[in-house]
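**Q** Everything below, folded, please.
(one chain, ligands or ions: 1)
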Amino acid sequence: MDEELSLNGKILHTDYAKADAYNALSMPVYNSAAYEFETAEQMELAFTGKVADHTYSRITNPTVEYFEERVKAISGAYSVTALNSGMAAISNTIINIAQTGSNIVTSRHLFGNTYSFFTSTMAAFGVETRFCDLTNADEVEAQIDENTCAVFLEIITNPQMEVVDLKSISSICKQKGVPLIADTTIVPFCAFNAQEFGVDIEIVSSTKYISGGATSLGGLILDYGNFDWIASPKLHSTAKEFGKAAFTAKLRKEIHRNLGAYMTPQVAYMQTLGLETLSLRYEKSTKTCLEFVNRVEKLPAVESVNYTGLPTNKYYELSKKQFGEYPGAMFTFDLASREACFSFMNKLKLIKRATNLFDNKTLAIHPASTIFGTFTSEVKKLMTVSEKTIRISVGLEEVNDLITDFEQALK
Ligand SMILES: *Cc1c(COP(=O)(O)O)cnc(C)c1O
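**A** Below you'll find the model as predicted:
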């Protein structure tokens, strides 16, 4: 494939691994659990990894592999692994690098299930989570020790909308020999080049932008192949054999096949189509989002609006440097009270009361009572999740439709 192609060109014209028997123009859905071999010898070569061939669809599948290849083509990643949810991508990544006694350095400003995965699921296996302020480089440096398996962050946190200076954090990580793992779900690869900012492992919930309008759940792990895993206690011996490919080798040869959360071919088909319109939808929804935010800010009942694309936002300059003029299609705003939020939510006519992000429809949610609804008020306070905040994910409607709904719901 031509290296000089545009992003959309690369997505649309990624070659198939093998010519299709019927010259199908869309990658067919290979709905098969297993694959037949002509000889026992060929079977041995495939099962022992000496020849790259499909053996069983929990491990690889042609339709899923094609989706992975497309993501590889546009991101420049060394390897891409598709899983059946964003949480599967996060859990597989962490289990791949952490062992009893390891610690993860991160912030309390985390997606709710990631927070719970770290503090409950991984804690039960003796993996410690060290929370700090990731916007304070000294604090991050002080938390890292020889048992730190990763610094984990979200590029724009939700619902706090905090932005970390990636170059500064990645230079600390490099100096300390610790990989930087970033959840980039909020700004996908069509608008943000994670590798350029020193991210070693990128995680995406493809349920969001990539699925093409909430069609399906999915997750992606992108390994840029830049990190030297010899310093990692868990991957040390794998790194002796595989060098910088150690993360992917451990993942694909052990963790991912043993946990069994590979993407299914039907989902890969839908998300491959989603990729084809990704930048188109991203451009439209983020432009609408910025325009919408500017108008929401002027509504009298709105106490404050939080969107890093606003010049008045404290992260504006950093956000612009890292994510461009339109940093995603999600924002939050505050009303006077929890009651005012509920009343607003209940009066919405067009905007849907639903969780999820980057559906083609605009969605509203009150995070404190839903995503964080089972967290104690103490934890919510530590996570800076306010009872007065509503989160909006902007879809593909015109801005006038949205503002009309807001105005009537705030009456
Ligand atoms: C939704 C989301 C996840 C989890 O993804 P699922 O596909 O729902 O498992 C992780 N991180 C962020 C930032 C998300 O928005």
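**Q** OK, contacts around residue 105?
**A** Residue 105 makes contact with 130, 132, 140, 143-144, 148, 150-152, 178 under the criterion C-beta atoms under 8 Å, 6 or more residues apart in numbering. Just so you know, the C-beta spots here come from the backbone N, C-alpha and C atoms, and that holds for glycine as well.
**Q** Let's see which of those end up in strands.
**A** Judged by DSSP state E, the subset of the contacts of residue 105 located in strands is 130, 148, 150-152.
**Q** confidence score at the residue nearest to residue 231 when sequence neighbours are not counted?
**A** Leaving aside its chain neighbours, residue 231 sits nearest to residue 177 (3.9 Å; criterion: C-beta to C-beta, 6 or more residues apart in numbering). pLDDT, residue 177: 96.
**Q** now swap in the one 4 residues further on and tell me
**A** According to the prediction, residue 181 has pLDDT 98.
**Q** same question, the one 4 residues further on
**A** Residue 185 carries a pLDDT value of 97.
**Q** Which residue is the nearest non-sequential neighbour of it?
**A** Nearest non-adjacent residue to residue 185, counting by C-beta to C-beta, 6+ apart: residue 205, 4.4 Å away.
**Q** Distance check, that neighbour against residue 316.
**A** Per C-beta to C-beta, to the nearest Å, residue 205 is found 25 Å from residue 316.
**Q** So between the two, which is more surrounded?
**A** residue 205 (27 against 16; other C-beta atoms under 10 Å).
**Q** didn't the more buried one look like it was pressed against residue 83?
**A** No: at 9.9 Å, residue 205 does not count as touching residue 83 under the criterion of C-beta atoms under 8 Å.
**Q** what's the neighbour count on the residue of the stretch 301-411 of the chain found nearest the ligand?
**A** The nearest approach of the stretch 301-411 of the chain to the ligand comes at residue 357, 5.4 Å away (C-beta to the nearest ligand atom). By other C-beta under 10 Å, the residues close to residue 357 number 21.
**Q** from memory it sits against residue 208, does it?
**A** Yes: Residue 357 is within contact range of residue 208, at 4.6 Å (criterion: C-beta under 8 Å).
**Q** residues contacting the closest residue to residue 76 other than its chain neighbours?
**A** Distances taken as C-beta to C-beta, 6+ apart place residue 195 nearest to residue 76, at 6.2 Å, with adjacent residues excluded. When the contact criterion is C-beta under 8 Å, 6+ apart, the partners of residue 195 are 75-77, 202, 224, 226.
**Q** Looking at the residues you listed, spot the one nearest the ligand.
**A** residue 202 (11.9 Å).
**Q** Using just helix, strand and coil, how would you label that closest one?
**A** strand (DSSP: H, G, I helix; E, B strand; the rest coil).
**Q** Could you measure from it over to residue 404?
**A** 38 Å.
**Q** go on, residue 188?
**A** The value you get for residue 188 to residue 404, if C-beta to C-beta is used, is 29 Å.
**Q** With neighbour numbers in mind, choose between these two.
**A** residue 188 (23 against 13).
**Q** ok, the spatially closest residue to that one that is not a sequence neighbour to the ligand distance?
**A** Using C-beta to C-beta, 6+ apart and skipping the chain neighbours, the partner closest in space to residue 188 is residue 209 (4.7 Å). The gap separating residue 209 from the ligand is 10 Å, by C-beta to the nearest ligand atom, to the nearest Å.
**Q** does residue 209 sit in a helix, a strand or a coil?
**A** coil.
**Q** my read: residue 228 touches residue 240, true?
**A** No: in this structure residue 228 lies outside contact range of residue 240 using C-beta under 8 Å: 11.4 Å.
**Q** the more surrounded of those two?
**A** Neighbours per residue, other C-beta under 10 Å: of residue 228 and residue 240, the larger number sits with residue 228, 15 against 11.
**Q** Tell me which residues touch that one, please.
**A** Per C-beta under 8 Å, 6+ apart, neighbours of residue 228: 177, 239, 243-244.
**Q** Can I get those in JSON lines including secondary structure?
**A** Formatted as JSON lines, the contacts of residue 228 follow (three-state DSSP):
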{"residue": "177", "secondary structure": "coil"}
{"residue": "239", "secondary structure": "helix"}
{"residue": "243", "secondary structure": "helix"}
{"residue": "244", "secondary structure": "helix"}
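**Q** So how do I select the buried members of the residues you listed in ChimeraX?
**A** The buried residues among the contacts of residue 228 can be selected in ChimeraX (16 or more other C-beta atoms under 10 Å) with this line:
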select :239,244
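**Q** Kindly reformat the ones in strands among the contacts of residue 105 as JSON lines containing pLDDT and distance to the ligand.
**A** Shown next, in JSON lines, are the ones in strands among the contacts of residue 105 (pLDDT from 0 to 100; distance: C-beta to the nearest ligand atom, whole Å):
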{"residue": "130", "pLDDT": "98", "distance to the ligand": "19"}
{"residue": "148", "pLDDT": "98", "distance to the ligand": "21"}
{"residue": "150", "pLDDT": "98", "distance to the ligand": "15"}
{"residue": "151", "pLDDT": "98", "distance to the ligand": "16"}
{"residue": "152", "pLDDT": "98", "distance to the ligand": "11"}
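**Q** The closest residue to residue 361 other than its chain neighbours and residue 352: what is the separation?
**A** Excluding its sequence neighbours, the residue lying closest to residue 361 (C-beta to C-beta, 6+ apart) is residue 395, at 4.5 Å. In this structure, residue 395 and residue 352 are 9 Å apart, going by C-beta to C-beta.
**Q** what's the burial count for residue 14?
**A** 22.
**Q** Could you do residue 312 as well?
**A** The burial count for residue 312: 9, using other C-beta under 10 Å.
**Q** May I have the phi/psi pair for it?
**A** phi -80, psi -10 (degrees, to the nearest 10).
**Q** which stretch of helix or strand covers residue 104?
**A** For residue 104, the host element (DSSP states H and E) is strand 103-106.
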